[in-house]
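J.: Predicted model, plus sequence, below.
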Amino acid sequence: MRVDGERQARRVTPGRGMRIYLTGADGMLGRALTAVLRDDPRTSGWTVRGVSLPDFDIADAEALNKSVDDFRPDVVVHTAANAVVDNCESDPAAALRVNTRGTRNVAEACRRTGSRLVYISSDYVFDGEDPPRGGYREPDLPNPLSVYGITKLAGERISLLVPGSLSVRTSWLFGGTDPRLDNVLAMGRSAARGDRPRLIDDQFSAPTYTADLAEALVFLLTRERPVEGVVHVANRGSASWYEVGRELAAIARDSGRTWPEPERVSMDACGFRGGRPRDSTLNTDLLAGLGHTMPTWQDALRRFFEEALT
């Protein structure tokens, strides 16, 4: 049923005149996507407006609506989120405010203006207790264990009410500039100090380089026939953070650097708030079937090392 003032999503053929509105533009993924949209020949002529918390609070519907109305986007890519799992657990109201109310505001703006919505979701919508062979697929039943996972799943459900919308689940992002939010960058800073990192060896997922996720998003945005529903986008393979740390140490040694080997630690010994999935590896066969195969996490890690940690 259509609500008063709602418009059908515009069917826009990707071209040089596309207008992209990006929330969370100053975040890890927002920065990577802005760079790829600027540099990729398919999108270099597009107009991109990025907004983030210094501009306005995503939970402020009036401010968001004015910003969207002023820009008149063809597509809204919604990356803004409260993504620190422990913070969400200790302050559920703040998590709901950003991840659920903020997403509702974005979705309602898209429904009202006819803009297409692309929502960024998380592997934490799954419980990871008995993952299917080859990783979770798009139709598999979510069962989040944390406030963060619950609010991201709620955001999915809200976004999918928008005609023509796409929800992209991803996992374990790295490629940023803040070691508090980027485990791989934190490993690099730790190694530079000569410290031996303590890394979890019994939780698994697909470490995903933001540059590769951004490339996949551009692929999805530039398809002549838009993809709707849910799509998993992550680097191929599965690993624990301990295995990532060992791979990073091997890459560093190959480049002639001294790099400490990580120390194993169990997830239960870390004192996390809330539950975390033991194995939330995402299957990306659907994306590959559409024509875009993700690089392995090992290849992504090596490229990030060469670009940011040397």
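T.: Alright, I've got the coordinates. Numbering: from 1, shown residues only.

J.: Run through the residues that contact the residue lying farthest from the centre of the chain.
T.: The C-alpha centroid of the chain is most remote from Gly256, which lies 32.5 Å away (Cα atoms, centre = their mean). Shown in contact with Gly256 (Cβ atoms under 8 Å, 6 or more residues apart in numbering): no residues. Backbone N, C-alpha and C define where each C-beta goes, glycine included.

J.: cool, Asp86 as well?
T.: Phe272, Arg273, Gly274.

J.: So how do I select the buried members of these in ChimeraX?
T.: The following ChimeraX line selects those of the contacts of Asp86 that are buried, judged by 16 or more other Cβ atoms under 10 Å:
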select :274
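
J.: Now flag whichever of the contacts of Asp86 is closest to Ile58.
T.: Taking Cβ to Cβ as the measure, Gly274 is the one of the contacts of Asp86 closest to Ile58, at 22.4 Å.

J.: Next, that closest one: phi, psi?
T.: As for Gly274, its main-chain torsions (degrees, to the nearest 10) stand at phi 80, psi 170.

J.: What does the pLDDT read for it?
T.: Note for Gly274: predicted pLDDT of 84.

J.: May I see the contacts of Asp86 organised as CSV, with distance to Arg104 added?
T.: Output for the contacts of Asp86, formatted as CSV (distance: Cβ to Cβ, whole Å):
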residue, distance to Arg104
Phe272, 28
Arg273, 25
Gly274, 23
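
J.: residues of the helix or strand bottoming out on mean pLDDT in the chain that come out buried?
T.: Sorting the helices and strands of the chain by mean pLDDT, DSSP states H and E puts helix 183-192 at the bottom, at a mean of 89. Using 16+ other Cβ under 10 Å as the test for burial, helix 183-192 gives Asn183, Val184, Leu185, Ala186, Met187, Gly188, Ser190, Ala191.

J.: Can you get me a residue count around the nearest residue to Phe305 once chain neighbours are set aside?
T.: Of all residues not flanking Phe305 in the chain, Ile251 sits nearest, at 5.0 Å (Cβ to Cβ, 6 or more residues apart in numbering). For Ile251, the count of nearby residues is 20 (other Cβ atoms under 10 Å).

J.: Next, the angle from the helix or strand Ile251 falls within to helix 183-192.
T.: Element membership for Ile251, per DSSP states H and E: helix 241-254. Comparing the axes of helix 241-254 and helix 183-192 via axes from the mean of the first three to the mean of the last three Cα atoms, to 10 degrees yields an angle of 50 degrees.

J.: And helix 241-254, what does it pack against?
T.: helix 183-192, strand 198-200, helix 297-308 (3 or more Cβ pairs under 8 Å, 6 or more residues apart in numbering; DSSP states H and E).

J.: got those as TSV, with distance to Pro92 columns?
T.: Output for the helices and strands packed on helix 241-254, formatted as TSV (distance: least, Cβ to Cβ, whole Å):
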stretch	distance to Pro92
helix 183-192	24
strand 198-200	24
helix 297-308	31
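
J.: Next, the buried residues of the helix holding Ile251.
T.: Result for helix 241-254 [16+ other Cβ under 10 Å]: buried residues Trp241, Tyr242, Glu243, Val244, Gly245, Arg246, Glu247, Leu248, Ala249, Ile251, Ala252.

J.: buried ones in stretch 32-52?
T.: 32-34, 36-37, 40, 42-43, 46, 48-52.

J.: From the opening residue of it to its closing one, how far?
T.: In terms of Cα to Cα, to the nearest Å, the two terminal residues of stretch 32-52 are separated by 14 Å.

J.: which other residues reach it?
T.: Identification of contacts with stretch 32-52 by Cβ under 8 Å, 6+ apart yields 14, 16-27, 30, 67, 71, 73, 77, 79-80, 175, 210-211, 213-215, 217-218, 221-222.

J.: Next step: those residues restricted to strands.
T.: Arg19, Ile20, Tyr21, Leu22, Thr23, Val77 (DSSP state E).

J.: With that, I have no additional questions.
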